[in-house]
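1. Give the three-dimensional model of this entry:
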Amino acid sequence: MQIEAITNQVAGENTYFIYNKENLLIIDPGSDVEKIIDAIRRINRKPVAILLTHTHYDHIVGLELIRKKYEIPVYVSPLEQEWLTNPQHNGSLNNPFVPDIYAKPAEFELELRDYELGGMTFSVVATPGHSIGSLSFVFEDFVVVGDALFKGSIGRTDLYSGDLGQLLASITENLFSLPRELPAYPGHGEATTIGHEIDTNPFFNN
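-> Prediction:
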């Protein structure tokens, strides 16, 4: 199983492609739809699902176009299902960078358990605080953490449903409990490791 990323333009958001010999998972389809399609074509695996770490506008700009093109289902936290159809909550309302986003509801609401999609297994863990329904996806060889944790930082908490105390607790309990050597892939910026953030992240090393 491998992971690749592209960085989209509207907010520097990362879209991830996780694939095995046959199938492909897409995480957080951002604004550069043609780059996403080009990456899928180059990777040359069958797209089987779209996973959303959370539903802020920059992580779902390309959602409907990618879902329609490949006719694949979307998986989202039940706490943010309604955000897909609510531009005020997803942050696109009157946003100068994107049109108001009214996406269709996701086909599946994620539970906090293990999944197998396209022959790829992962665990869903809750990492709220940046948004109430933020999730991280823990694969055997890496974790995709959305906007919860960044290299040397954490997600902002001044948006709708953000909560700093909740974010710090969810990182400590559900991410810092993972193996130290595990690579962590964030929603913005470069990858890090769990151990690096435990040792150096200023929000946890005051």
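2. only C-alpha atoms for contact and neighbour calcs from this point on.
-> OK.
3. for the longest helix seen in the chain, packing partners?
-> With secondary structure taken from DSSP state H, the chain has its longest helix at helix 33-43. Counting contacts by 3 or more C-alpha pairs under 8 Å, 6 or more residues apart in numbering; DSSP states H and E, helix 33-43 is packed against helix 63-70.
4. Identify each buried residue in the helix it packs on, please.
-> Residues 63-64, 66-67 are the ones in helix 63-70 that count as buried (16 or more other C-alpha atoms under 10 Å).
5. try stretch 19-34
-> By neighbour count on 16+ other C-alpha under 10 Å, the buried set for stretch 19-34 is 19, 23-33.
6. Show the end-to-end separation of that stretch, please.
-> With C-alpha to C-alpha, to the nearest Å applied, stretch 19-34 spans 19 Å between its terminal residues.
7. Distance from it to the middle of the chain?
-> What separates the centre of stretch 19-34 from the centre of its chain is 11 Å, taken as C-alpha atoms, centre = their mean, to the nearest Å.
8. before we move on, which element is the spatially most central residue of the chain in?
-> Centroid-nearest residue in the chain: residue 53, 3.1 Å away (criterion: C-alpha atoms, centre = their mean). Assigned by DSSP states H and E, residue 53 belongs to no helix or strand.
9. Can you report phi and psi for it?
-> As for residue 53, its main-chain torsions (degrees, to the nearest 10) stand at phi -70, psi -30.
10. these two touch, right, it and residue 29?
-> No. If you go by C-alpha atoms under 8 Å, residue 53 and residue 29 don't touch, sitting 10.4 Å apart.
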